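Enquirer: Following is a predicted model, sequence given first.
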Amino acid sequence: MRRTTVVLTGLALLVSGCGVASRAQDADGPGGTQTSAGPKGPVGPVPAGLEKFYGQQPNWERCGSGNQCATINVPLDYSKPDGKTIELRARKVPARDRTGKIGTLFINPGGPGASGQEFAASAGFVLGAPLLRKFDVIGWDPRGVADSTPVRCLDAEQLDKFIAADGSPDDDAEIEALNTQAKTLASGCQQRSADLLPHVGTKDAARDIDVLRGIVGDSELYYLGMSYGTMLGATYAELFPKNVGRLVLDGAVDPSKSSEENNMAQAKGFDTALDAFAADCAQRSCRLGSSKAEVLANVDKLITDSDAKPLPGDGTREVTQALVVLGVIFPLYVKDYWPRLEDAVVDGLAGKGARLLALANEYTDRTPKGYGNNQNEVIYAVNCIDRPDITSLAEAKADEPKFKAASPRFGSFLLWGSLPCANWPVKPVDKPHTIKAAGAKPIVVVGTTRDPATPYDWAVGLAGQLDSGVLITRDGDGHTGYNEGNQCVDDAVEAYLLKGTAPTADIKC
C-alpha cells in the first residue's frame, strides 16, 4: 500500500439521515432472511438512459448472521448505458428497530480498494448502537474491488515481490529494479483488466452510489465515508448536490491537492504520528529509549539497517526495508496498536523480523494462502487515473530532493511508490480541483490533528471548499475521528445523522 490514501479496515463507520425513510419492503423472514425484492421503483431523480439500472429489484439473500447480500448491475461506461455492464456486490445489515428505522446508511471504508462489504459485516463493532438501531447499513465493494467486478493484475508471488521491492533506491540499478516491478504491475493490470481500467475512477464510483440510492428507494443519500471514502463522498456531492441528505466525511482527503502535494503531506503525516508514538513511548520509559529522540533514532536505525540487510521473517519470506516501513506505519493508524509497534521494533533491532512481517501482512491483507483481496492493485488503478502523477524516472529523480526535504524518513517511499503511474496504460481522467457542491445540504467533515494517513490540513481544506461544509476537529492520534473514544465527536456526528442537527459552526473536540 504505497500510495495515498490508505485505509485500515475495521475503522469506525457511519452515515445516515432522517426525514426520508427507505421505502424498501424489507420484512425479515425466518432466521432474519430478507425475503422481499425491494421497492417497486426508484425514488428521486433518475438520469436519462439509466432507468433500467435505477429500477433494479435486487434479490437480497441471507449471508452471514442476520445480513443480506445482493448483486447490482451498473454500466461499465456511463456514457454508454446500453453497452457492457459490471457487477457491484453489496451487504445490508438491517436496522435493529424494524418499525422505527430512518432509512439506509451507506458506508465506505476508503482505500481506494478496501471492501465495503467487510466494513458492513463489522458494523456492530464500528458503529454506535443508536445508528445500528435506526438505519439499514449498506456497504458495497466499489467497482473494481473484491467481490464486485474486480481489477486483476498480479498473482500472489508477483505481488509479494512488488510490495517488498526497495522503496528508497540509492542508485540507478536499484531504480531500474523498482521500475521493473512497477512495469510488471501496470502491464499485468492491462493484460487482465483492460476493459475495466478506464472506468474505475472516483467519478464513476460516485455515479454507482446514486444508482444504489435509487434502488433502495431513498430520495436523498445518507453516507459515511472514511479516508479515501471522503473523496468518494465529496465527489458524489459534486455530481449530485441536490441528492445529498446527510454526509459525514471522516479522515478527509483534499481534492484540490495534486498527487505530489498529497504524497509529501502524507509522508509528513506519518512523521507526525511517529513523533507522537515516540513521545508516548519515552514517557512510559519503554524499551526503545527514555527520550523521544532516542526512540526515533532506534526506529531510524531499524529502517536504515534493513535496507542493506533484510531481516528473517516467517521462514519463507524475508523482511525487506519496504516491509519494515509498512510494519512501522501500520500501527500508527490506531493508538491501541502502539505497544505492538514497540515490540516489533525491539525485535527488529535484535535481528528478528517476524512481528514486523505480521504487521505488514495485516496492512496488505496478506494471509498464508495469499492476499485476501485486491486492494493493493486497486489503489493504483484508481489513483493513477484520478489525477496526473509522475510520468517518468527522470521526473521522479528530479523530485526526490523535495520529498526528502519534506520527510527524510518517509519521503522517498511516498515518491517512488507512485512509479507505476509513470507506466500506467490509461491516462488520467481528472485533475485536482476544488469541490463546492453548491446547493447541497450541510456536509460534516471530521479531521484528527495527528492523523497519520490523512493529515488534518486536508480536512480543513475540504470543509473550507464545500459551500455547506462544517468541520469537527478531534484532537488526538490515529486515523479518523468517529467512534475513537472522543465523546464530543461521537455526540456531534450522531446528532447530525440521527436528528439532522448539523453543527452551526466548526467545533473542536
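Expert: Nice, thanks for sending it over.
Enquirer: need the helix or strand of the protein with the lowest average pLDDT.
Expert: When each helix and strand of the chain is scored by mean pLDDT, DSSP states H and E, helix 123-126 comes last, with a mean of 92.
Enquirer: In that one, which of the residues would be classed as buried?
Expert: By neighbour count, with 16 or more other Cβ atoms under 10 Å as the criterion, the buried positions of helix 123-126 are 123, 126. Every residue, glycine included, has its C-beta placed from N, CA and C.
Enquirer: what do you get for stretch 312-327?
Expert: Using 16+ other Cβ under 10 Å as the burial criterion, the residues of stretch 312-327 that qualify are 313, 317-327.
Enquirer: Identify the farthest-apart pair in the residues you listed.
Expert: Maximum pairwise distance among the buried residues of stretch 312-327 (Cβ to Cβ): 15.4 Å, between R317 and V325.
Enquirer: all strands of the chain, in order?
Expert: 61-62, 68-75, 85-93, 103-108, 135-141, 221-226, 244-250, 366-367, 370-371, 443-450, 469-477, 507-508 (DSSP state E).
Enquirer: If you drop the residues flanking it in sequence, what lies closest to D457?
Expert: With Cβ to Cβ, 6 or more residues apart in numbering as the criterion, D457 has its nearest non-adjacent residue at 6.9 Å, and that residue is A265.
Enquirer: Now do that neighbour against V253, distance only.
Expert: Here the distance between A265 and V253 works out to 10 Å (Cβ to Cβ, to the nearest Å).
Enquirer: right, and R450 touches A273 too?
Expert: Yes. R450 lies in contact with A273 (Cβ atoms under 8 Å); the separation is 5.7 Å.
Enquirer: higher neighbour count, the two?
Expert: A273 (25 against 21; other Cβ atoms under 10 Å).
Enquirer: backbone phi and psi for the closest residue to that one other than its chain neighbours, please?
Expert: Among residues not flanking A273 along the chain, P452 sits closest, at 3.4 Å (Cβ to Cβ, 6+ apart). According to degrees, to the nearest 10, the main-chain angles of P452 amount to phi -80, psi -30.
Enquirer: my read: P452 touches V328, true?
Expert: No. Counting by Cβ under 8 Å, P452 stays clear of V328, with 10.5 Å between them.
Enquirer: So which of these two has more stuff around it?
Expert: Between P452 and V328, counted using other Cβ under 10 Å, the more crowded position is P452 (28 against 24).
Enquirer: If I look at the more buried one, what pLDDT would I see?
Expert: P452 carries a pLDDT value of 95.
Enquirer: Would you point out which residue is most central in the chain?
Expert: With distances taken as Cα atoms, centre = their mean, the chain has G110 as the residue nearest its mean C-alpha position (1.9 Å).
Enquirer: okay but G124 is in contact with L132, surely?
Expert: Yes. Counting by Cβ under 8 Å, G124 touches L132, with 6.7 Å between them.
Enquirer: what is in contact with those two at once?
Expert: Taking Cβ atoms under 8 Å, 6 or more residues apart in numbering as the contact rule, the neighbours common to G124 and L132 are V93.
Enquirer: so who does Y236 touch?
Expert: Y236 neighbours (Cβ under 8 Å, 6+ apart): 206, 209-210, 221, 223, 243-244, 247.
Enquirer: rerun that using 7 Å as the cut-off
Expert: With contacts defined as Cβ atoms under 7 Å, 6 or more residues apart in numbering, the neighbours of Y236 are 206, 209, 221.
Enquirer: Likewise for C421?
Expert: 384, 389-390.
Enquirer: swap the cut-off to 6 Å and go again
Expert: Residues touching C421, when contacts are defined by Cβ atoms under 6 Å, 6 or more residues apart in numbering, comprise 384, 389.
Enquirer: Ignoring the adjacent residues along the chain, who's closest to Q56?
Expert: In space, and not counting its chain neighbours, Q56 is closest to I215: 5.5 Å by Cβ to Cβ, 6+ apart.
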